[in-house]
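A.B. asks: Sequence plus predicted model, see below.
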Amino acid sequence: MSWRCAIRSRRPAHARRLMMIDIWLEMHAQTHHNAQGVASGHYDVALTSQGREQAQTVLRQRYARQRFDAAYASNTRRAYDTACLMFADRPLPVFQDARLRECDYGVYEGRPREEMEAARSAAIHAPYPNGESYDQVVARMRGFLAHVAEYREGQTLMLIGHAATLFALEHLARERPLEATVGVWPERPWRYALSPHGLLLRPHTI
């Protein structure tokens with residue numbers, strides 16, 4: 001089912017009146033696994049001291065002039081801590097949502113990142129061994145977007161997520177096959193609009 005069909009089927013009357021939701025995405029800051037070149041997936045790894053500094057300086061300054069109504073982070077320490085450090089200087093609510101988690105790399109978690117990346121193209125539709133597929137990540141993201149469409153009309157949201165979060169959003173917004181978005185990193189900032197017609201790209205400016 002397409003995202004457009006999904007939103008119409010959940011809320012047929014209200015969807016036609018849905019006010020646009022402005023959605024921004026940022027990655028979590030550096031973790032110990034990032035520094036070591038290790039694939040994390042669902043493994044809950046902490047930020048390094050450099051990562052904590054990055055969140056409090058570089059990421060905070062990047063969005064200092066942008067107003068947000070709320071931030072959502074995956075329920076991993078690396079994402080939640082990044083969000084809390086980024087927005088520690090303003091009274092912004094930060095929510096955790098498991099649907100924003102990284103793809104579950106299964107047997108590749110804790111292994112060199114190159115091994116996971118070599119297996120990634122085979123995990124788009126079929127899960128990583130003992131893990132999940134990027135199709136399943138997209139299903140999670142559809143559920144998350146349906147949730148914010150229900151409760152966050154007209155608001156501006158920051159998502160703190162992972163590579164799979166970006167790949168799923170790009171797939172939905174650009175209406176491209178997952179094969180064309182998984183592993184691809186478009187230029188920052190990553191900004192989208194959730195409208196009655198689905199997820200759209202917004203101008204990449206701050």
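C.D. replies: It's in.

A.B. asks: switch to C-alpha atoms for all contacts and neighbour counts from now on
C.D. replies: Noted.

A.B. asks: Give me the distance between stretch 148-167 and the centre of its chain.
C.D. replies: Its chain's C-alpha centre and that of stretch 148-167 lie 7 Å apart, by C-alpha atoms, centre = their mean, to the nearest Å.

A.B. asks: got the contact list for it?
C.D. replies: The contact list for stretch 148-167, computed with C-alpha atoms under 8 Å, 6 or more residues apart in numbering, reads 18-28, 67-74, 79-80, 82-83, 100-103, 134, 137, 141, 178, 181-184, 194.

A.B. asks: Could you report the pLDDT at the residue most central in space within the chain?
C.D. replies: With distances taken as C-alpha atoms, centre = their mean, Thr165 lies nearest the centre of the chain, 3.1 Å away. In this prediction, Thr165 carries a pLDDT score of 98.

A.B. asks: which SSE is it in?
C.D. replies: Using DSSP states H and E, Thr165 sits within helix 163-174.

A.B. asks: List the pairing partners of the helix or strand following that helix within its sheet, with orientation.
C.D. replies: Stepping forward along the backbone from helix 163-174, the first helix or strand reached (DSSP H and E) is strand 190-195. Counting by DSSP bridges, the strands paired with strand 190-195 are strand 21-27 (antiparallel), strand 198-201 (antiparallel).

A.B. asks: Which of the ones you listed sits closest to Ala146?
C.D. replies: Evaluated over the strands paired with strand 190-195, closeness to Ala146 peaks at strand 198-201, with 10.1 Å, by C-alpha to C-alpha.

A.B. asks: now the helices for this structure?
C.D. replies: For the chain, the helices defined by DSSP state H occupy 3-10, 32-36, 49-54, 60-62, 77-86, 113-119, 134-151, 163-174.

A.B. asks: shaky segments in this structure?
C.D. replies: For the chain, applying pLDDT under 70 flags the ranges 1-18, 203-206.

A.B. asks: try 50
C.D. replies: Where the chain drops to pLDDT under 50, the residues are 1-16, 205-206.

A.B. asks: which ones are touching Arg78?
C.D. replies: By C-alpha under 8 Å, 6+ apart, the contact list for Arg78 reads His28, Ala29, Thr31, Asp44, Val45, Ala46, Leu47.

A.B. asks: of the residues you listed, buried ones?
C.D. replies: Neighbour-count burial within these applies to His28, Ala29, Thr31, Val45, Ala46, Leu47; the criterion is 16 or more other C-alpha atoms under 10 Å.

A.B. asks: I'd like to know how far the closest residue to Gly161 other than its chain neighbours sits from Glu53.
C.D. replies: Nearest residue to Gly161, sequence neighbours excluded (C-alpha to C-alpha, 6 or more residues apart in numbering): Met27, at 5.1 Å. Remark: distance between Met27 and Glu53 (C-alpha to C-alpha, to the nearest Å) = 14 Å.

A.B. asks: and what of Arg113?
C.D. replies: Separation of Arg113 from Glu53 (C-alpha to C-alpha) stands at 24 Å.

A.B. asks: ok, now Asp89?
C.D. replies: Using C-alpha to C-alpha, Asp89 is found at 14 Å from Glu53.

A.B. asks: more crowded one of the two?
C.D. replies: Using other C-alpha atoms under 10 Å, the more surrounded residue of Asp89 and Glu53 is Glu53, with 18 against 11.
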